[in-house]
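Undergrad: I'd like to go over a predicted model; first the sequence, then the structure.
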Amino acid sequence: MPDLFGRLAPAEPATEIMAEGAMLLRGAALPYEKALLIALDDITASSPFRHMVTPGGFTMSVAMTNCGAAGWVTDRTGYRYDRTDPQTGRPWPVMPDCFLDLAITAAARAGYPDFRPDACLINRYEPGARLSLHQDRNERDFANPIVSVSLGLPATFQFGGLKRTDPVQKYALRHGDVAVWGGPSRLFHHGVPELKDGIHDTVGRMRINLTFRGAL
Ligand code: MD3
Ligand code: FE
């Protein structure tokens, strides 16, 4: 239905191109907000958030858990995908349908119609938490994109290029934003500087990021 000025509501929210192969779908997760937060409570009741230790012996400021057939873990022996949650000794919680539906729909809109994630890493940032510049390269097939969903407090997101020293661009990622990284951008360095304090209406004093991967 056109409004008073004859405008039609867009069927899909605006998309921004961040880099070749990388698209930002502003607000694309908003229709899923309630379902995602309920499913998240379910996941963390079985596999709670925990602060993992890097191979170098540092405890990460970001708390993590996973769902899906495999989960990303780090400990003193290295980074890997594991079918078992090392903290519970059980498989990771099943990936909820609303997670899968959002990830598959977003990837298709960004030009990756065949993406079927088998792992979702869930990051929880409390004020002060940060993720230093890194590449995601523990996945088997880099032909799969990574889909990232931001919920809660806004964050600055930085990404550079294939080399650690390439210049970085900054984006504000807000509640409901979805980013898809594939093709030439798949192995770009990226990170999140210290989360600023604040309180989000529905998520509280934190930022949650879901990253969907084809890991196995
Ligand atoms: C660019 N998470 O979990 S999401 C991670 O906000 C991670 O929690 C950040 O980096 C977060 O590994 C950033 C955006 C993102 C995810 C994967 C990428 C950007 C990416 C892979 C390649 C290039
Ligand atoms: Fe990453």
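TA: Everything's here; your move. Ligands and ions are numbered 1, 2, ... in the order given.
Undergrad: from here on, contacts and neighbour counts on C-alpha atoms
TA: Will do.
Undergrad: and whichever helix or strand Asp101 is part of, which residues are buried?
TA: In this structure, Asp101 sits in helix 97-109 according to DSSP states H and E. Of the residues in helix 97-109, those with enough neighbours to count as buried (16 or more other CA atoms under 10 Å) are 99-100, 102-104, 106-107.
Undergrad: Between the two ends of stretch 193-203, what distance do you get?
TA: Stretch 193-203 has its terminal residues 20 Å apart, counting by CA to CA, to the nearest Å.
Undergrad: quick one: contacts of that stretch?
TA: Judged by CA atoms under 8 Å, 6 or more residues apart in numbering, the contacts made with stretch 193-203 from elsewhere in the structure are 125-132, 151-158, 205-206.
Undergrad: May I have the strands that pair with the host helix or strand of Val73, each with its orientation?
TA: Under the assignment given by DSSP H and E, the secondary-structure element containing Val73 is strand 71-75. Looking at strand 71-75 with DSSP bridges, its paired strands and their directions are strand 78-82 (antiparallel).
Undergrad: buried residues in the strand it pairs with?
TA: Within strand 78-82, the residues that count as buried by 16+ other CA under 10 Å are 81-82.
Undergrad: List the neighbours of that strand that are in contact with it.
TA: Under the criterion CA under 8 Å, 6+ apart, residues 54-55, 70-74, 138-139, 215-216 lie in contact with strand 78-82.
Undergrad: tell me which parts of this structure are close to ligand 1?
TA: Contact residues, the chain versus ligand 1 (CA under 6 Å from any ligand atom): 123, 136, 146, 148, 181, 185-188, 190-191, 209, 211.
Undergrad: swap the cut-off to 8 Å and go again
TA: When proximity is defined as CA under 8 Å from any ligand atom, the chain approaches ligand 1 at 22, 121-125, 131, 134-136, 145-150, 155, 157, 159, 179-182, 185-192, 208-211.
Undergrad: Buried among the residues you listed? Need that as a selection in PyMOL.
TA: Provided next is the PyMOL selection string for whichever of those are buried by 16+ other CA under 10 Å:
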select buried, resi 22+121+122+123+124+125+131+135+145+146+147+148+149+150+155+157+159+179+180+181+182+185+186+187+188+189+190+191+192+208+209+210+211
